[in-house]
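**Student:** sequence and predicted structure below; questions after.
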Amino acid sequence: MLGTDCFTCGQDPYCAASQSWRGLPIEPEHRCTEYDADDYRYPQSVEQHIVHDRCVISPYTCETFPSTAHTDIEHIVARSEAHDSDLCAADSATRTTFARDLRNLTLASPALNRHQKGDRDAAEWLPERNRCWFAQTVVDICRAYDLTINRAETDALEHVLSSCTDRAIRRR
């Protein structure tokens, strides 16, 4: 049974009256200003904070790498995706904070980052491994920056999250 807002919807993650899902507003993507990657700059030095226990691994594939020279820094919620999900209306400090937010950064092979995931959202791409961690991270980042989410994304994320018992990163 649907309530009037997400706090009274019970077990139903969709809230028709308020058009939200898990506390995120459901809206079509829109670009309120032209996307410019320079508005979302981050230093290469963030890479050292992404490597855990000297292990250079991509949680998307569980592939290990000899060094970070063989990886790309990857935004879990892509910068252009966030831009089109209302971050375009944020000030420059918020955009910079988003770009450098370690909760939203991981490592991936250049081929995966540039040619498979790219700027795709969760409706268009999901990792082959660690999907529960990925889906929960997307939700958490969207909440942290008051981003909107579209219906296709909610459907894809709910499909993943509804079957999760653990959202930790598995390294194998």
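**Tutor:** Good, I have the coordinates.
**Student:** going by C-alpha atoms from here, please, whenever you check contacts or count neighbours.
**Tutor:** Fine.
**Student:** the nearest residue to residue 154 once chain neighbours are set aside: neighbouring residues, count only.
**Tutor:** Residue nearest to residue 154 in three dimensions, not counting chain neighbours: residue 21, with 7.0 Å by C-alpha to C-alpha, 6 or more residues apart in numbering. A total of 23 residues lie near residue 21 under the criterion other C-alpha atoms under 10 Å.
**Student:** do you know the pLDDT at residue 21?
**Tutor:** pLDDT, residue 21: 96.
**Student:** ok, it to residue 101 distance?
**Tutor:** Distance of residue 21 to residue 101, given as C-alpha to C-alpha, to the nearest Å: 23 Å.
**Student:** just the helices in this structure please.
**Tutor:** Ranges of helices within the chain are 47-50, 79-83, 92-100, 110-111, 131-144, 151-161, based on DSSP state H.
**Student:** now render the ones you listed as CSV, adding mean pLDDT.
**Tutor:** CSV is the format used below for those (pLDDT from 0 to 100):
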stretch, mean pLDDT
helix 47-50, 90
helix 79-83, 98
helix 92-100, 98
helix 110-111, 96
helix 131-144, 98
helix 151-161, 98
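**Student:** tell me which of these sits most buried.
**Tutor:** helix 79-83 (a mean of 24; mean count of other C-alpha atoms under 10 Å).
**Student:** C-alpha coordinates for it, CSV please?
**Tutor:** C-alpha atoms of helix 79-83 as CSV (Å, rounded to 0.1, in the frame of the first residue of the first chain):
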residue,chain,number,x,y,z
ARG,A,79,30.6,13.4,-13.4
SER,A,80,28.4,14.1,-16.4
GLU,A,81,25.6,11.9,-15.0
ALA,A,82,25.7,13.9,-11.8
HIS,A,83,25.7,17.1,-13.7
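**Student:** who's in contact with it?
**Tutor:** 31, 35, 37, 40, 88, 99, 119, 120, 121, 147 (C-alpha atoms under 8 Å, 6 or more residues apart in numbering).
**Student:** and the end-to-end length of stretch 32-44?
**Tutor:** End to end - C-alpha to C-alpha - stretch 32-44 spans 28 Å.
**Student:** what distance separates that stretch from the centre of its chain?
**Tutor:** The chain centroid and the centroid of stretch 32-44 are separated by 16 Å under C-alpha atoms, centre = their mean, to the nearest Å.
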